[in-house]
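Enquirer: the following block contains a protein sequence and its predicted model.
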Amino acid sequence: MSFRFAVPTELRGAVDAAAADWHANNKVERFWQKDPSLWTRDGEEQWMGWIDIVERQQKDLASFAELGGEIKSADFKSVLLLGMGGSSLCPEVLAKTFGPQPGFPQLGIVDSTDPAEVMAACNGVDLAETLVIVASKSGSTLEPNILKQFFFDQMRRAVGADETGAHFMAITDPGSKMEQVAKSDNFRGIYYGDPEIGGRYSALSNFGVVAATVAGLNIEKLLAEAAKAVAAAKLPVADNPGVQLGLLLGTAANARRDKITIFTSPEIADLGAWLEQLIAESTGKQGKGITPVDREAIGAPGVYGNDRVFAYVRLKDTADASQDAKVAALESAGHPVVRFEINDRYQIFGQFFTWEIATAVAGSVIGINPFNQPDVEAAKVETRALTSEYEKTGKLPERTPFLTGKDDHGTAFALYATDAYAAKLKEAAPSQTLKEILRAHLDQLGAGDYFATLAFLPMFEENEAEIQNFRHKVRDQKRVATCLGFGPRFLHSTGQDYKGGPNTGVFLQITAAHADDMNIPGQKYSFGVVIDAQAAGDLAVLESRGRRALRVHLGADVAAGLKALGTAISEALA
């Protein structure tokens, strides 16, 4: 792995001063001693088990080899990992980066409560030849629990009650509710996390390594690559890529360059989704933070404001080197640019550790605790209240839209916002149409702001393509950073920053009616009810934090609704 950082003149002095401070005050050594005074003295040392996890995992290679042999001999064709956030994002990166390995099952991830997406995952495999991994640190997270209930019931129907447990494994912390469930249901195996490692720092713990083992990756090689990054993270500041990166990111954020835009070679494109959670959930709190921007195509320098840092993780000998010149143009225009080049895909495990170090260091520079997530729980509380209400009354609390209608092509929509924000948009709109309300909403964007689309929809390629299309139009017209998150998965990722970070976001939440829904065994509510409650809870918390948020509710034809919405946004930007 090689790295190079281009720091513009206006940041260079502050970055050099931060590096001098870390050198003079032995902060690299204190970091490895888990010194909480580097942060806020809020118990940070209790969440730093990740800094020596690679060495501990290397001592357990025989166990991983045994698991790999067991999975290979069991002749499973597919693996479905059920999880959210830190429990599923690293496995997703592995599945998309490495693909299926000879003799091992193909790894897939289920991290949605959208009924169409859950059913697509179920229908995409032969359950009789599938291993299901339930990944949940606490064992109490809503989504993996209800997904487990659904897939356990489906598996029972497919293979019979006596064989169902043999098709399930759990990755969870010792003593969790999920451990109890796994034992009660006779899971074929339970693999334990480390209670001193938070979810987003767990890629090199069993949450990542067990998934890698089941998928047939070379565990000795991946841990060896991670160990190289561990060694580099112990070097003096001048030679330490993780610390240098963290000092740059933290210093830039304090100077209001608080958006990091992530570019990668296409072969490792999903790394950005993992980085999103790590950075946003670690730094976005107390009105501070770094907002990650993933899956935004590289534009000309003129479409960007002065609030960006660009990170480019390049795979050597990539099939697409066209990004090189575009990134060079951003550097020439005076933007901070971070470059990493990895020699092969296994070096992505070194990237995991390097960015974990960098994020923790950035938290120190910003002055926050990078290991807690105080605002993630707020949305969970709202969701629990709404699902509890449904269990009592048989319906979710209803909210009155401030505008309903049909677009020029007859596609129905309904718009929701707080009374105050709805009044502001209506006052700014020359007519009460979808196009004009969207124009008023997008006109809220100013220098240093970002636009985030929060889609509580199936994360299907066609849906993402429609949103990506209008997202880039907003970027190019407004010269602001743009983000895209699919719910509920972003609630365990960027949702922390959106609620707890700087109040610079303009949010467009998209929901839709459900053409089909599915009941959850053992519950009074369905998957459709859950995702609707999650969307309502998320919007309520955004609104309570004074965020500029507009919800657009579409009909059951999501494709037609998104197409109409995209047209309206294009017209609003014209």
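Expert: Noted; the coordinates are in hand.

Enquirer: which parts of the stretch 301-450 of the chain are helices?
Expert: Listed from the start of the chain, the stretch 301-450 of the chain has helices (DSSP state H, counting those that start in this stretch) covering 323-332, 348-366, 376-393, 419-428, 434-442.

Enquirer: of all these, which one is nearest residue 210?
Expert: With C-beta to C-beta, the closest approach to residue 210 among these belongs to helix 348-366: 14.1 Å. From N, CA and C alone the C-beta is placed, and that goes for glycine too.

Enquirer: where along the stretch 401-550 of the chain do the strands fall?
Expert: When assigned using DSSP state E, counting those that start in this stretch, the strands of the stretch 401-550 of the chain occupy the ranges 403-406, 412-416, 450-455, 481-486, 505-512, 548-554.

Enquirer: out of those, which comes closest to residue 87?
Expert: Proximity to residue 87, assessed across those by C-beta to C-beta, is greatest for strand 481-486 (16.5 Å).

Enquirer: okay, now the sheet partners of that closest one, with direction.
Expert: Taking DSSP bridges as the criterion, strand 481-486 pairs within the sheet with strand 450-455 (parallel).

Enquirer: chain center to the strand it pairs with: distance?
Expert: Between the mean C-alpha location of strand 450-455 and the chain-wide mean there is a distance of 13 Å, by C-alpha atoms, centre = their mean, to the nearest Å.

Enquirer: please apply the same query to stretch 517-527.
Expert: Averaged over its C-alpha atoms, stretch 517-527 has a centre that lies 25 Å from its chain's centre (C-alpha atoms, centre = their mean).

Enquirer: likewise stretch 316-333?
Expert: Taking C-alpha atoms, centre = their mean, one finds stretch 316-333 lying 25 Å from the centre of the chain it belongs to.

Enquirer: re earlier: any chance of JSON lines for the strands of the stretch 401-550 of the chain, columns mean neighbour count, mean pLDDT and distance to residue 520?
Expert: As requested, the strands of the stretch 401-550 of the chain are arranged in JSON lines below (neighbours: other C-beta atoms under 10 Å; pLDDT from 0 to 100; distance: least, C-beta to C-beta, whole Å):
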{"stretch": "strand 403-406", "mean neighbour count": "14", "mean pLDDT": "92", "distance to residue 520": "30"}
{"stretch": "strand 412-416", "mean neighbour count": "20", "mean pLDDT": "96", "distance to residue 520": "26"}
{"stretch": "strand 450-455", "mean neighbour count": "25", "mean pLDDT": "98", "distance to residue 520": "22"}
{"stretch": "strand 481-486", "mean neighbour count": "24", "mean pLDDT": "98", "distance to residue 520": "20"}
{"stretch": "strand 505-512", "mean neighbour count": "23", "mean pLDDT": "98", "distance to residue 520": "19"}
{"stretch": "strand 548-554", "mean neighbour count": "23", "mean pLDDT": "98", "distance to residue 520": "23"}
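
Enquirer: so what's residue 264 up against?
Expert: Taking C-beta atoms under 8 Å, 6 or more residues apart in numbering as the contact definition, residue 264 lies against 271, 272, 312, 313, 314, 315.

Enquirer: among those residues, name the ones in strands.
Expert: The members of these that map onto strands under DSSP state E are 312, 313, 314, 315.

Enquirer: PyMOL command to pick out the buried ones of these?
Expert: Only the buried members of the ones in strands among the contacts of residue 264 enter the following PyMOL selection, criterion being 16 or more other C-beta atoms under 10 Å:
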select buried, resi 312+313+314+315
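
Enquirer: which of the ones in strands among the contacts of residue 264 sit farthest apart?
Expert: Farthest-apart pair in these is 312 and 315; separation 10.8 Å (C-beta to C-beta).

Enquirer: the residue lying closest to residue 151 once chain neighbours are set aside is in what secondary structure piece?
Expert: Spatially, and ignoring its direct neighbours in sequence, residue 151 is nearest to residue 132 (5.2 Å; C-beta to C-beta, 6 or more residues apart in numbering). With secondary structure defined by DSSP states H and E, residue 132 is part of strand 130-135.

Enquirer: now residue 148
Expert: Here residue 148 is covered by helix 142-159, with elements defined by DSSP H and E.

Enquirer: contacting residues around the nearest residue to residue 126 once chain neighbours are set aside?
Expert: Leaving aside its sequence neighbours, residue 126 sits nearest to residue 77 (C-beta to C-beta, 6+ apart; 6.5 Å). The neighbours of residue 77, taking C-beta under 8 Å, 6+ apart as the test, are 105, 106, 125, 126, 129, 130.

Enquirer: quick one: distance of the strand holding residue 132 to the chain centre.
Expert: Strand 130-135 sits 20 Å away from the centroid of its parent chain (C-alpha atoms, centre = their mean).

Enquirer: adjacent strands (with direction) for that strand?
Expert: strand 78-82 (parallel), strand 168-172 (parallel).

Enquirer: of those, flag the one that's most buried.
Expert: Each of the strands paired with strand 130-135 was assessed for mean neighbour count using mean count of other C-beta atoms under 10 Å. The highest is strand 168-172, with a mean of 26.

Enquirer: tell me the angle of that one relative to helix 142-159?
Expert: Using axes from the mean of the first three to the mean of the last three C-alpha atoms, to 10 degrees, the interaxial angle of strand 168-172 with respect to helix 142-159 works out to 160 degrees.

Enquirer: hang on, residue 256 packs against residue 307?
Expert: Yes - using C-beta atoms under 8 Å, residue 256 is in contact with residue 307, at 6.1 Å.

Enquirer: who's more crowded, these two?
Expert: Here residue 256 and residue 307 are set side by side on neighbour count (other C-beta atoms under 10 Å), and the busier one is residue 307, at 22 against 13.

Enquirer: how much space between the more buried one and residue 6?
Expert: Taking C-beta to C-beta, to the nearest Å as the measure, residue 307 falls 17 Å from residue 6.
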